[in-house]
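A.B. asks: Coordinates for the following, if possible.
(4 chains)
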Protein chains: 2
Amino acid sequence: MATVNLKKLATELQLSVSTVSKALMNSHEISAETKERVLLLAKQLNYIPNPYASSLRRKTSKTIAVVIPEVADSFFSIAINGIEAVAQDKGYHVLIYLTHESFAKETAILKDFQSGRVDGVLMSLTSETVDMTPIHDLHARGIPVIFFDRVCDEIETAKITTDDFESGYKATRHLIECGCRKIAFLSFSKNLSISNKRMEGYKQALTDHNIVINEADLVFCTNDDAYNHALLKNIMAPEKHPDGIIASVEKLTTTAYLVCRELKLAIPQDVKVVSFSNLQSAPILNPALTTITQPAFDMGKTAAALLFRALEKPGFNLKKESHIIPSTLIVRDSTASSES
Amino acid sequence: MATVNLKKLATELQLSVSTVSKALMNSHEISAETKERVLLLAKQLNYIPNPYASSLRRKTSKTIAVVIPEVADSFFSIAINGIEAVAQDKGYHVLIYLTHESFAKETAILKDFQSGRVDGVLMSLTSETVDMTPIHDLHARGIPVIFFDRVCDEIETAKITTDDFESGYKATRHLIECGCRKIAFLSFSKNLSISNKRMEGYKQALTDHNIVINEADLVFCTNDDAYNHALLKNIMAPEKHPDGIIASVEKLTTTAYLVCRELKLAIPQDVKVVSFSNLQSAPILNPALTTITQPAFDMGKTAAALLFRALEKPGFNLKKESHIIPSTLIVRDSTASSES
DNA sequence: CTGAAAGCGCTAACAA
DNA sequence: TTGTTAGCGCTTTCAG
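C.D. replies: So this is what the prediction gives:
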């Protein structure tokens, strides 16, 4: 199938390439009838413009990048749905890059973007990321970067987050109100904005309720499930185990549940659990899981919408455009009061 | 920051643009010392090639597309991880497109690919898709399309699936062996290859065990959760409800569980459940869910690897390259025998 | 209202 | 071994 391009249309119509181009862009300086002729033939020959030629010329690609740690996590999956919904609507294309929590990968990916491959970037940081120069470099090239979920304070740009501090507070207060006095906080990495904010909320709630913060109850998990499992098993050892667990990251929920089962600790009688999670299956867990549910779809959608606004209006100031979309505490059986 | 391109490097080095280009491509016709000089300056000035100029010229984009119904499903999430892993390794970029089960969207997306935006496509069909012309059109342009999971028989190309028939058979036989005699099969769409094959396996297993196939036990669900819920509630009505359920699609699991709970049907005593699912939380459901677990990561990886092989070797024949990667039946409490 | 011409940044014949 | 030239397909001045 011979590829049909502007030149082909032009010769076929006895017009110049530039006229055809303008007609297709619906330029005001082309007569209505010429436009019609062009449009008609374009349809007939199934003309599809070459995006790369256009990008090269215009210096914009109608493409954005989404850089996230992984996609096998319901938060990011749902967020992508939100992003994609807006992108498709705006005629943008979405490149997906997974960092797998590796700063080196993140750096390589961001560096590539200096090429002009994408017009803008939506990203959620690696748990390893401490050095922000790759992001600054993008900034310097005028490529907007918007953070969602895992943000960094250092960079001045739009950040879409949920109310992590308040959610941490709410989760903790809920456990306290359910009678918990020794609450373990499962965190993922010390330099993850969200974990830290949630932890601050946790600490504040403890303090407000006159419970002493015990450093041993701050549990730092890793990417290694086996390690986390062993760690938790240790924490949950008989006699002195916590009576409440907050999993600040979804993937730690399964581990927590399994460890409790292995140790014959009943949820919620022996230990109550609340998770930051978007698991659709939360209500059918054993027991049904009390969650802090993040507005994943909305966060993705908001971040994308903001990015497109910035891309469409050159002077748009992202710096003052951060949004905090609240999470919801959904109480289920895993924190039911032992006595009624 | 002034953008540094080949011309800039060339003038800086007193070389011609083509020499610099060749040097960067490590062409054998460039002297070692020139290469060194070029590489050094390129590094110093942080030269990053413009991918669109290169794509325009070479007529390949080092980009593939993944077209799937949605990403908020653990199968696709995990498959994407597999795809992305290979792509990153091969230096390819991954564009993600979600069809949201809409054939119109799928068509629009595939049509765009005729532009040469991507070198190849990995896709899983919409549940609506019956007309394959958009895919044929891509084929005609020489753009390879590989199917994974949701394939279509009509197109001759590589297809990566799991053993859907056998899995359907296995799931059904398992329920029969657990004492079920009236097994409902929850399907998603009548024109979905995977659902149909799983259903064939189901029917075969019933037949082999001398159980009459009851059309009323074939339940066709939709994208609408509320509808599915009502439908299931009807199916599971007292007295004549099935004693076994096979959910051929992950998302139907939650609905099935919730309906059983509402109707006070105990799993597995009153009804046993097995799901085609990759839910990480399967073991901690109430009760723990017996699953047919698909090799999602491997399927994604295999599909991607195959595509890249086809892209790298022009003469590669995809037609004879279909792979069937087996799923695994993991027995858990939701199908435990009522009597021991 | 239409066309000619230049060029985005890169690659690939072909010369030298 | 290096340079010259000619585009890839499109957009965009600038003339007509």
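A.B. asks: Now the closest residue to residue A:91 other than its chain neighbours: phi and psi?
C.D. replies: Closest residue to residue A:91 in three dimensions, ignoring its sequence neighbours and counting by Cβ to Cβ, 6 or more residues apart in numbering or on different chains: residue A:62, at 6.4 Å. The C-beta positions use only the backbone N, C-alpha and C, and glycine is treated the same way. Note on residue A:62: its backbone torsions stand at phi 50, psi 30 [degrees, to the nearest 10].
A.B. asks: From what I see, residue A:62 and residue A:95 are in contact.
C.D. replies: No. Applying Cβ atoms under 8 Å, one finds residue A:62 not in contact with residue A:95, separated by 11.4 Å.
A.B. asks: In chain A, what residue spans correspond to helices?
C.D. replies: A:6-13, A:17-24, A:32-44, A:51-58, A:74-90, A:103-113, A:133-140, A:164-177, A:193-208, A:225-235, A:252-262, A:296-312 (DSSP state H).
A.B. asks: got those helices as a markdown table, with distance to residue B:13 columns?
C.D. replies: A markdown table is the format used below for the helices of chain A (distance: least, Cβ to Cβ, whole Å):
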| stretch | distance to residue B:13 |
| --- | --- |
| helix A:6-13 | 35 |
| helix A:17-24 | 35 |
| helix A:32-44 | 44 |
| helix A:51-58 | 24 |
| helix A:74-90 | 40 |
| helix A:103-113 | 22 |
| helix A:133-140 | 23 |
| helix A:164-177 | 51 |
| helix A:193-208 | 44 |
| helix A:225-235 | 51 |
| helix A:252-262 | 54 |
| helix A:296-312 | 35 |
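A.B. asks: Could you report the pLDDT at the most far-flung residue of chain A relative to its centre?
C.D. replies: Centroid-distance maximum for chain A: residue A:14 at 50.7 Å, with Cα atoms, centre = their mean. We have a pLDDT of 94 for residue A:14.
A.B. asks: now the helices of chain A in JSON lines, with distance to residue B:237 and mean neighbour count?
C.D. replies: Listed next are the helices of chain A as JSON lines, based on distance: least, Cβ to Cβ, whole Å; neighbours: other Cβ atoms under 10 Å in any protein chain shown:
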{"stretch": "helix A:6-13", "distance to residue B:237": "62", "mean neighbour count": "16"}
{"stretch": "helix A:17-24", "distance to residue B:237": "59", "mean neighbour count": "19"}
{"stretch": "helix A:32-44", "distance to residue B:237": "53", "mean neighbour count": "14"}
{"stretch": "helix A:51-58", "distance to residue B:237": "54", "mean neighbour count": "17"}
{"stretch": "helix A:74-90", "distance to residue B:237": "32", "mean neighbour count": "23"}
{"stretch": "helix A:103-113", "distance to residue B:237": "53", "mean neighbour count": "18"}
{"stretch": "helix A:133-140", "distance to residue B:237": "57", "mean neighbour count": "16"}
{"stretch": "helix A:164-177", "distance to residue B:237": "37", "mean neighbour count": "22"}
{"stretch": "helix A:193-208", "distance to residue B:237": "44", "mean neighbour count": "20"}
{"stretch": "helix A:225-235", "distance to residue B:237": "42", "mean neighbour count": "16"}
{"stretch": "helix A:252-262", "distance to residue B:237": "32", "mean neighbour count": "21"}
{"stretch": "helix A:296-312", "distance to residue B:237": "34", "mean neighbour count": "22"}
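A.B. asks: With neighbour numbers in mind, choose between residue A:62 and residue A:95.
C.D. replies: residue A:95 (21 against 16; other Cβ atoms under 10 Å in any protein chain shown).
A.B. asks: which residue packs closest to that one, ignoring adjacent ones?
C.D. replies: Residue nearest to residue A:95 in three dimensions, not counting chain neighbours: residue A:65, with 4.6 Å by Cβ to Cβ, 6+ apart.
A.B. asks: if I pick the one you found, what's in contact with it?
C.D. replies: The neighbourhood of residue A:65, defined by Cβ atoms under 8 Å, 6 or more residues apart in numbering or on different chains, consists of A:94, A:95, A:96, A:97, A:109, A:113, A:117, A:118, A:120, A:121, A:122, A:123.
A.B. asks: So the fourth one is in contact with residue A:66, correct?
C.D. replies: Yes. Counting by Cβ under 8 Å, residue A:97 sits close enough to residue A:66 to count as a contact (7.0 Å).
A.B. asks: Tell me where the model's unsure across chain A.
C.D. replies: By pLDDT under 70, the low-scoring segments of chain A are A:1, A:338-340.
A.B. asks: how about the nearest residue to the residue in it positioned nearest to chain B, chain neighbours excluded?
C.D. replies: Closest residue of chain A to chain B, Cβ to the nearest Cβ: residue A:286 (3.3 Å). Of all residues not flanking residue A:286 in the chain, residue B:286 sits nearest, at 3.3 Å (Cβ to Cβ, 6+ apart).
A.B. asks: Just list the residues touching residue A:311, thanks.
C.D. replies: Residues in contact with residue A:311 (Cβ under 8 Å, 6+ apart) are A:60, A:64, A:119, A:120, A:144.
A.B. asks: make it 10 Å
C.D. replies: For residue A:311, the contact set (Cβ atoms under 10 Å, 6 or more residues apart in numbering or on different chains) comprises A:60, A:62, A:64, A:90, A:92, A:119, A:120, A:143, A:144.
A.B. asks: and what of residue A:77?
C.D. replies: Contact analysis of residue A:77 by Cβ under 10 Å, 6+ apart lists A:68, A:70-71, A:278, A:296-297, A:300, B:70-74, B:76-77, B:80.
A.B. asks: Ramachandran coordinates for the closest residue to DNA strand D within the stretch 201-340 of chain A?
C.D. replies: Relative to DNA strand D, the nearest point of the stretch 201-340 of chain A is residue A:314 (13.6 Å; Cβ to the nearest atom of the strand). Residue A:314 has phi and psi values of phi -50, psi -40 when expressed as degrees, to the nearest 10.
A.B. asks: list the contacts for it?
C.D. replies: residue A:142.
A.B. asks: So which bits of the stretch 1-150 of chain A are right by DNA strand D?
C.D. replies: Within the stretch 1-150 of chain A, the residues that sit near DNA strand D (Cβ under 7 Å from any atom of the strand) are A:3, A:5-7, A:17-18, A:21-22, A:24-25, A:49-50, A:53-54, A:56-58.
A.B. asks: returning to that earlier point: now for residue A:97 and residue A:66: what residues contact both?
C.D. replies: With Cβ under 10 Å, 6+ apart as the test, residue A:97 and residue A:66 both reach A:118, A:121, A:123.
A.B. asks: nearest to DNA strand C, of these?
C.D. replies: residue A:118 (15.3 Å).
A.B. asks: gap between the closest one and residue B:64?
C.D. replies: 16 Å (Cβ to Cβ, to the nearest Å).
A.B. asks: so what's the closest residue to DNA strand D within the stretch 51-200 of chain A closest to, chain neighbours aside?
C.D. replies: When scored by Cβ to the nearest atom of the strand, the stretch 51-200 of chain A has residue A:53 as its residue closest to DNA strand D, at 3.2 Å. If the residues on either side of it in the chain are set aside, residue A:53 comes closest to residue B:56, at 5.3 Å by Cβ to Cβ, 6+ apart.
A.B. asks: Do I have it right that the one you found meets residue A:50?
C.D. replies: Yes. Because the distance of 7.1 Å satisfies Cβ atoms under 10 Å, residue B:56 is recorded as touching residue A:50.
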